[in-house]
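# Sequence isn't available, so here's the structure alone:
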């Protein structure tokens, strides 16, 4: 039994004779009971036809019932006598009534007809299975061609008059949306096929199903001349007739204008929509840790110029390879709390980093598995080492960037001096505290940074004498201090600099980062 | 730290310039004898304009009287202002664009030229306050200007310049010419 009322009869009659499928009729009658949509459509159609049959007499076959809605000249199919349980036929009276292939619904173009049957649902489930995600719920998202909005609008206007005559109200928002009905129908079979997974409104895994219908794409075009300001061409989008733009235009256009420009009810299509495949996307997973770099010829990110790789591998690639494999992710975004040059080592506790893993097919690793992953990274190369590897939230990325601006860093540099020195000559450096530098953008990065003067503080220093032309300089500095330029002066563009302090040309032969003083991510005991 | 990586004595340690810059030369700029310029080209394509060791300013015990970046009524290199990463606003220079005029106490005057095409990023204001920097450290703290060539031209700008080897042979030919009895 369909949950319909007397007042719905006129709507049902009018829509059935316009070429709407049974389920679309239910939508326009605002039927919210999901189970009704899941019944076989032929059965629903029969019930609808019975519903509008007048109580007293049966119809004589072959006669057009002109009580409610005359069949509009555009629709090729005849209004079937309601007593027949056959489906609506294409208008070829010469062919017998034996043909029971349903014609394509003028509103949903097949979406609520064969495109949501069990075969289709199984196809969707199979596509998800093939990707081998680890998941226990999914969100189904449906993308429909924009012209379905136009056809929906047309049918709504078609029954609006009917409804008003009866003194009722049918708000466009009361009509059950096509996408919702589709999901009500397919989510059960999909969930069952995927072994009891729940199909919900919010989940980490999104299964996107797309449909197109090229022959009717032009149905939207009249809106461009009627509401030109809704359709601004942008460089990104291929077509300017996006769903959003079409919906906006339909809200603006007057009923009278719409009826002048588009058939009401909509014209009969000759084909149904075409499924464009299933695209699955899992929400990103974020992992964080700290890395050491023990090699003086390893860049942090791949070094490629003119398509040619200039240096083998990189910190991010060495870390990413085992991680991508463990999480079965498609790609990654690597970021860290500052960077060091190719020829600089990162010692001590290492530098904090975070990685966004894109479309991970596996999203959860337990403590033990994370430890194993960390171990496999450390075993894969002696150039880097990773510690405190853990899964973190998206907010992690911003916590880590905090460190870049605000926290102090410690370094050790091997210094060369032109003039010969003795231990006493450099001892005074260890007493210098809170030395403020004015650093013009170093020439070596000026090609990609703005020209500016930055004030940075060297909090403290310590010297360890080596020989007449060498000593080790330990420094603790503000984040963002250019150490190399402090040592050699960068053509005098960093002041004060070590050359001035020691009154001789100095150069930096080696640099190590001893610590990056950020207390994030949380330490994980070994 | 690697103790084994000790560098040699002062003579052998490659300097910052040796490690990151290539030296290019323009000899006898605008036909004026020995007015040699040295362009230090960084591996990131930035160029620093300096006086070559052979430039007359650096010889005969000259002292600098004044340095003037105002090269014409309408143009002062000091007014050069660049903003942003793409260095918008910098004065565009061609090979023969003058950068500054230097007057020495012995009444000699010299114009220093750009030598390459590109956008002027900065001129060295410290030599205005301390002209002796130019005499004592012409290759480092006494630099004249920093120029950023167009990306497409970064290789071609050196076509009209001499590399170190060729420059040195030009210089040695001069000494030969001078020592020959006229």
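That came through fine. These numbers were taken from a predicted model, which means no experiment stands behind them.

# contacts and neighbour counts: CA atoms only from here.
Fine.

# And the lengthiest helix in chain B, what's buried?
Across chain B, the longest stretch assigned as helix under DSSP state H is helix B:164-179. For helix B:164-179, burial by neighbour count (16 or more other CA atoms under 10 Å in any protein chain shown) applies to B:167, B:171.

# now it: mean pLDDT?
Averaging pLDDT along helix B:164-179 yields 85.

# Need the contact partners of that helix.
Helix B:164-179 has contacts (CA atoms under 8 Å, 6 or more residues apart in numbering or on different chains) with B:23-25, B:27.

# Of the residues you listed, which belong to strands?
Among the contacts of helix B:164-179, the members falling in strands (DSSP state E) are B:23-25.

# Figure out the helix or strand that the residue nearest the centre of chain B lives in.
Nearest to the geometric centre of chain B sits residue B:50, at 1.7 Å (CA atoms, centre = their mean). Counting by DSSP states H and E, the element that carries residue B:50 is strand B:47-51.

# tell me what that strand is packed against?
On a contact count with 3 or more CA pairs under 8 Å, 6 or more residues apart in numbering or on different chains; DSSP states H and E, strand B:47-51 meets strand B:37-42, strand B:145-148.

# Dump those to CSV, plus mean neighbour count.
Shown next, in CSV, are these (neighbours: other CA atoms under 10 Å in any protein chain shown):
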stretch, mean neighbour count
strand B:37-42, 24
strand B:145-148, 24
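
# Next, format those strands as a markdown table and append mean pLDDT.
Output for the helices and strands packed on strand B:47-51, formatted as a markdown table (pLDDT from 0 to 100):
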| stretch | mean pLDDT |
| --- | --- |
| strand B:37-42 | 95 |
| strand B:145-148 | 95 |
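
# Point out where the chain drops to low pLDDT.
Going with chain A. A:55-102, A:235-237, A:403 (pLDDT under 70).

# ah, I was thinking of chain B
In chain B (pLDDT under 70), the answer is B:1-13, B:178-182.

# And the ones in strands among the contacts of helix B:164-179, which is closest to chain A?
residue B:23 (15.2 Å; CA to the nearest CA).

# Adjacent strands (with direction) for the next helix or strand after the strand holding residue B:50?
The C-terminal neighbour of strand B:47-51 among helices and strands, as given by DSSP H and E, is strand B:64-68. Paired with strand B:64-68 in the same sheet, following DSSP bridges, are strand B:98-104 (antiparallel).

# Which residues does the helix or strand just after the strand it pairs with contact?
The helix or strand immediately downstream of strand B:98-104 is strand B:109-113, counting by DSSP H and E. Residues outside strand B:109-113 that contact it (CA under 8 Å, 6+ apart): B:29, B:37, B:57, B:95-103.

# can you check stretch A:374-386 too?
In this structure, residues lying in contact with stretch A:374-386 by CA under 8 Å, 6+ apart are A:289-295, A:298, A:315, A:318-319, A:322, A:350, A:387, A:389.

# buried set for it?
Buried-residue list, stretch A:374-386, by 16+ other CA under 10 Å: A:374-375, A:377-378, A:383-386.

# Among these, which lie within strands?
Checked against DSSP E, the buried residues of stretch A:374-386 include these in strands: A:384-386.

# Could you report the distance from the nearest residue to residue B:29 once chain neighbours are set aside to residue B:23?
Leaving aside its sequence neighbours, residue B:29 sits nearest to residue B:35 (CA to CA, 6 or more residues apart in numbering or on different chains; 5.5 Å). Going from residue B:35 to residue B:23 by CA to CA, to the nearest Å gives 16 Å.

# Then residue A:185?
For residue A:185, the distance to residue B:23 - CA to CA - is 75 Å.

# Tell me the residues of chain B that contact chain A?
When proximity is defined as CA under 8 Å from any CA of the partner chain, chain B approaches chain A at B:1, B:7, B:9-10, B:15-16, B:42, B:44-46, B:82-87, B:121, B:140-143, B:148.

# Narrow the residues you listed to just the buried residues.
B:15-16, B:42, B:44-46, B:82, B:87, B:121, B:140-143, B:148.

# returning to what we had before: using a markdown table, lay out the buried residues of stretch A:374-386 together with distance to residue A:345.
Below are these laid out as a markdown table (distance: CA to CA, whole Å):
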| residue | distance to residue A:345 |
| --- | --- |
| A:374 | 20 |
| A:375 | 21 |
| A:377 | 18 |
| A:378 | 16 |
| A:383 | 10 |
| A:384 | 10 |
| A:385 | 12 |
| A:386 | 14 |
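
# and which of these is nearest to residue A:417?
For the buried residues of stretch A:374-386, the closest approach to residue A:417 (CA to CA) belongs to residue A:383, at 30.0 Å.
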